[in-house]
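Engineer: sequence-free structure coming up:
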């Protein structure tokens, strides 16, 4: 008898369930913070708190416990989350609506990228959009921002392009480019007429690009934020240091810049060298002022990926954007 009453009570609870309560649950589970969840849903913190209270009463579980590290889910909440998220995504995809037509769309997409990626991939993307989707707009935000993962979580960035050594499970990724490094120098450089040697990298000062350093929390060349680890330097520092240590030398990093497109101006009238990703080296050398050379040591392969939030997997417009970005990367010599 008791079991029958309990079953009826649960059925009544489900019947009273508001879909918006499940969206609040999903956002709080994702962000572990009522304020961030509210921003994602365009709700006040008090509205999120009230929705959680209603859901707790319906489910009969605390669901989240406030701690110094944020709202930590209970065992029940952790068990519920995957199935609820999948159900919400399916509902969104089903109701989602009209088929996406890029030729007629006026949607605006926000992409996070550094100046290297903007020059090598995004420039080609904009040319393709001009033909296929003249009404679609792009907003490019710096991928160097310290809250990049949070901005993706909040839906303010649709796609982030960069080098990521770690991508959390809530985000998805696609490889766009796999490349090595090249060394740039001006035409007429003293080392231009021969193959570069390791000793040249000790003799001539270097220009390097850093997208963040130890002051921003970088460890081994990567900055970790909310589970997403992005590259903070655009060269393999450890490989360079090891090669020079083998001959009893150390690198001279004379100039470190936050923007790679400043490199030509710095090399043009100096004997400095610069270590950059191969795609950037090819792009900067097109103007005819700079020469490319292979490094005299083995550097790690750099993998550039596009990263997006899993909730966008079934968004037809977002899927179209990802394919357009991949095509632009292939045109730039990548894998896409």
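Structural biologist: That came in fine, so what should we check first? Because the structure is predicted, anything quoted here is derived from the model rather than measured.
Engineer: contacts, neighbours, all on C-alpha from now
Structural biologist: Will do.
Engineer: and residue 270, what helix or strand is that in?
Structural biologist: Per DSSP states H and E: residue 270 is located in neither a helix nor a strand.
Engineer: measure residue 225 to residue 166 for me?
Structural biologist: Distance, residue 225 to residue 166, using C-alpha to C-alpha, to the nearest Å: 10 Å.
Engineer: scratch that, residue 86 is what I was asking about
Structural biologist: 23 Å.
Engineer: Stretch 106-116: end-to-end distance?
Structural biologist: So stretch 106-116: terminal residues 27 Å apart, C-alpha to C-alpha.
Engineer: Can you list the buried residues in that stretch?
Structural biologist: 109-116 (16 or more other C-alpha atoms under 10 Å).
Engineer: among those, which two are most distant?
Structural biologist: The span of the buried residues of stretch 106-116, defined through C-alpha to C-alpha, is set by 109 and 116 at 19.2 Å.
Engineer: Name the spans of the chain whose pLDDT lies under the cut-off.
Structural biologist: Residue ranges of the chain with pLDDT under 70: 1-17, 92-93, 96-98, 212-221, 334-336.
Engineer: quick check: domain ranges of it?
Structural biologist: What automatic domain parsing lists as the domains of the chain is 2-95, 108-178+303-331, 181-300.
Engineer: partner strands of the helix or strand harbouring residue 274, parallel or antiparallel?
Structural biologist: Using DSSP H and E, residue 274 sits within strand 273-277. Its sheet considered, strand 273-277 pairs with strand 181-186 (antiparallel), strand 206-209 (parallel) by DSSP bridges.
Engineer: In a markdown table, list the ones you listed along with distance to residue 60.
Structural biologist: Formatted as a markdown table, the strands paired with strand 273-277 follow (distance: least, C-alpha to C-alpha, whole Å):
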| stretch | distance to residue 60 |
| --- | --- |
| strand 181-186 | 57 |
| strand 206-209 | 54 |
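Engineer: tell me the most buried of these?
Structural biologist: Ranked by mean neighbour count, these are led by strand 181-186 with a mean of 25 (mean count of other C-alpha atoms under 10 Å).
Engineer: If we go by neighbour counts, what in the helix or strand following that strand is buried?
Structural biologist: Per DSSP H and E, the first helix or strand lying C-terminal to strand 181-186 is helix 200-203. Neighbour-count burial for helix 200-203 flags 200-202 (criterion: 16+ other C-alpha under 10 Å).
Engineer: for stretch 232-250, same thing?
Structural biologist: Neighbour-count burial for stretch 232-250 flags 232-237, 240, 243-244, 249-250 (criterion: 16+ other C-alpha under 10 Å).
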